[in-house]
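[1] just the structure for this:
(one chain, ligands or ions: 1)
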Amino acid sequence: MFIKQLKINGFRCFESVDLVFNKQINVFYGNNGSGKTSVLEAIYWLSTGKSFRSKKNKVLIKHNQTEFILFSTFHKGSDTGIQNLGAGFNKTNQKKSIRLNHNNVSNQSEIAHLIPVVSIDPDSYLLIDQTPNFRRSFLDWLVFHVKPSYLNVWTQTTRCHRQLNALFKTKQFTQIDQWQEQYVNFATRLNTSRFEVFEKLKLKVEQKINQFIPELDGFTLDYHQGWNKDLSLSELLIKEKDKNISYGNLFSGVHKMDIKCKVNSTAAQDILSRGQKKMISIMFYLSFIELLTEATGIDPVVCLDDFDAELDVNKTSLLCEFINTTNNQIFITTVDQHKISSLFDDVGVFHVKHDGNIESISD
Ligand SMILES: Nc1ncnc2c1ncn2[C@@H]1O[C@H](COP(=O)(O)OP(=O)(O)OP(=O)(O)O)[C@@H](O)[C@H]1O
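    Alright, predicted model coming up:
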């Protein structure tokens with residue numbers, strides 16, 4: 001699928017811009033603070049109804065305006081007709097509106113499914129340095145897509161976990177065994193699903209690291225399930241029952257799962273350079289996208305913010321070569337137009353200016 005046109009009105013620093021995109025690669029360049037990330041943010045918002053850098057929709061509205069409106073036309077496949085999507089947010093009534101092919105839509109997930117967007121932004125580049133919670137969410141996000149039954153298993157596990165915490169806190173011993181039994185049932189399934197998808201991800205990430213960072217010796221990726229791997233979940237709950245009751249919550253379990261990245265047995269975050277961490281994080285996201293496409297047939301739109309910062313010329317050109325071969329429509333921001341756009345065969349280039357205008361250089 002690809003987005004053909006995007007009109008942005010009253011969003012961040014943009015009063016009104018109208019952009020026609022390249023089917024494959026689109027590069028936005030401009031000075032700091034000119035609005036490059038805001039274009040990616042608008043694309044992401046259209047798909048998900050939220051920003052990747054702020055929880056509040058009202059901050060996205062241009063100063064002194066009451067609403068923003070985004071309008072796009074897109075093709076689902078090369079042989080299908082053009083569709084249109086309009087969406088916006090109004091400060092006065094705090095409401096979002098979505099119209100797909102001129103019909104109101106109330107369910108955002110319908111749009112996220114129709115125009116899937118993966119954002120690889122400065123937070124994503126810190127995957128190695130981020131908290132276990134961030135890496136857990138990253139893997140869960142992939143498992144949700146690859147295994148449709150996962151949502152239910154995840155919801156049930158979370159429900160049992162909350163219930164157990166409440167029972168531990170209030171010391172209602174009579175119900176604990178019954179809820180532990182349910183927790184073990186769902187959490188074991190959740191752990192199995194995560195591990196299966198992790199193994200596929202690991203294979204792809206390792207292949208990509210060999211291809212793009214061959215000089216990085218001794219890098220390993222391990223699945224830490226959240227408790228001692230020699231114990232089953234039932235054994236764990238028996239062993240830690242007193243601890244759980246005294247802490248008033250479940251001490252170990254699937255909520256402590258993490259992906260451990262090491263270089264020769266030392267935590268990768270302690271020894272790798274920023275550029276190396278960024279490269280590895282990009283490998284994770286590119287592998288994620290491949291697995292998503294293999295499992296669902298979906299080619300998401302990919303937003304790569306501040307793509308080349310901290311990457312040397314060699315790494316940047318290797319990644320661009322790879323991006324050239326994918327079927328995804330890619331949006332890239334950079335402060336250095338020349339470093340990037342010459343590396344692509346077929347590319348739309350846009351100059352984002354400080355006055356809120358965006359000039360298409362490819363015209
Ligand atoms: N609600 C808003 N109304 C008006 N201007 C805004 C609003 N929110 C942010 N801005 C401004 O919009 C500009 C765009 O910021 P953005 O982060 O998109 O720039 P950028 O080109 O990606 O910068 P960098 O290269 O530093 O990452 C900034 O100057 C910011 O101050």
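[2] make it CA atoms for all contacts and neighbour counts henceforth
    Fine.
[3] next, the buried residues of stretch 143-161.
    Neighbour counts over stretch 143-161 (16 or more other C-alpha atoms under 10 Å) mark 143-146, 150-151, 153-154, 156-158, 160-161 as buried.
[4] residues in contact with it?
    If you take C-alpha atoms under 8 Å, 6 or more residues apart in numbering as the criterion, stretch 143-161 is touched by 179-180, 182-183, 186-187, 189-190, 193-194, 197, 250, 291-292, 295-296.
[5] let's see it at 6 Å
    Stretch 143-161 has contacts (C-alpha atoms under 6 Å, 6 or more residues apart in numbering) with 183, 186-187, 295.
[6] before we move on, what about stretch 332-343?
    For stretch 332-343, contacts defined as C-alpha under 6 Å, 6+ apart pick out 27-31, 36, 304-306.
[7] and if we set it to 7 Å?
    The contact list for stretch 332-343 (C-alpha atoms under 7 Å, 6 or more residues apart in numbering) reads 26-31, 36-37, 303-308, 317, 320, 347.
[8] with just CA atoms, put the helix or strand of the chain with the lowest mean pLDDT into PDB.
    Here the helix or strand of the chain ranked lowest by mean pLDDT, DSSP states H and E is helix 337-341, holding a mean of 80. Output of helix 337-341 as PDB, limited to C-alpha atoms (Å, rounded to 0.1, in the frame of the first residue of the first chain):
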ATOM      1  CA  GLN A 337      19.800  16.100   2.000                       C
ATOM      2  CA  HIS A 338      22.900  15.200   0.000                       C
ATOM      3  CA  LYS A 339      24.000  12.300   2.300                       C
ATOM      4  CA  ILE A 340      20.700  10.500   1.700                       C
ATOM      5  CA  SER A 341      18.700  11.300  -1.400                       C
END
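[9] show me what counts as buried in it.
    Using 16+ other C-alpha under 10 Å as the test for burial, helix 337-341 gives 337, 340-341.
[10] how about stretch 105-124?
    Neighbour counts over stretch 105-124 (16+ other C-alpha under 10 Å) mark 105, 108, 111-112, 114-121, 124 as buried.
[11] who touches it?
    44, 47-49, 98-99, 281, 300-305.
[12] which among these end up buried?
    For the contacts of stretch 105-124, a burial check counting by 16+ other C-alpha under 10 Å picks out 44, 47-49, 98-99, 281, 300-305.
[13] hmm, back to that, JSON lines for the contacts of stretch 105-124, including distance to the ligand, pLDDT and secondary structure?
    As requested, those are arranged in JSON lines below (distance: C-alpha to the nearest ligand atom, whole Å; pLDDT from 0 to 100; DSSP: H, G, I helix; E, B strand; the rest coil):
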{"residue": "44", "distance to the ligand": "13", "pLDDT": "97", "secondary structure": "helix"}
{"residue": "47", "distance to the ligand": "18", "pLDDT": "95", "secondary structure": "helix"}
{"residue": "48", "distance to the ligand": "18", "pLDDT": "95", "secondary structure": "helix"}
{"residue": "49", "distance to the ligand": "16", "pLDDT": "96", "secondary structure": "coil"}
{"residue": "98", "distance to the ligand": "20", "pLDDT": "97", "secondary structure": "strand"}
{"residue": "99", "distance to the ligand": "23", "pLDDT": "97", "secondary structure": "strand"}
{"residue": "281", "distance to the ligand": "19", "pLDDT": "95", "secondary structure": "helix"}
{"residue": "300", "distance to the ligand": "22", "pLDDT": "94", "secondary structure": "coil"}
{"residue": "301", "distance to the ligand": "18", "pLDDT": "97", "secondary structure": "strand"}
{"residue": "302", "distance to the ligand": "16", "pLDDT": "97", "secondary structure": "strand"}
{"residue": "303", "distance to the ligand": "12", "pLDDT": "97", "secondary structure": "strand"}
{"residue": "304", "distance to the ligand": "11", "pLDDT": "96", "secondary structure": "strand"}
{"residue": "305", "distance to the ligand": "8", "pLDDT": "96", "secondary structure": "coil"}
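[14] about what we covered before: of the buried residues of stretch 143-161, which belong to strands?
    Nothing among the buried residues of stretch 143-161 maps onto strands, per DSSP state E.
[15] now do the contacts for residue 203.
    Counting by C-alpha under 7 Å, 6+ apart, residue 203 touches no other residue.
[16] what sits closest to residue 319 if chain neighbours are left out?
    Leaving aside its chain neighbours, residue 319 sits nearest to residue 212 (7.7 Å; criterion: C-alpha to C-alpha, 6 or more residues apart in numbering).
[17] related to what we said a few turns ago, can you redo the contacts of stretch 143-161 as JSON lines with distance to the ligand and secondary structure?
    Converted to JSON lines, the contacts of stretch 143-161 look like this (distance: C-alpha to the nearest ligand atom, whole Å; DSSP: H, G, I helix; E, B strand; the rest coil):
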{"residue": "183", "distance to the ligand": "43", "secondary structure": "helix"}
{"residue": "186", "distance to the ligand": "42", "secondary structure": "helix"}
{"residue": "187", "distance to the ligand": "40", "secondary structure": "helix"}
{"residue": "295", "distance to the ligand": "32", "secondary structure": "helix"}
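[18] closest to residue 76 out of the residues you listed?
    Checking the contacts of stretch 143-161 against residue 76 by C-alpha to C-alpha gives residue 295 as the nearest, at 17.6 Å.
[19] point me to the residue of the stretch 101-250 of the chain nearest the ligand.
    Across the stretch 101-250 of the chain, no residue is closer to the ligand than residue 122, which sits at 9.3 Å (C-alpha to the nearest ligand atom).
[20] alright, calling it a day.
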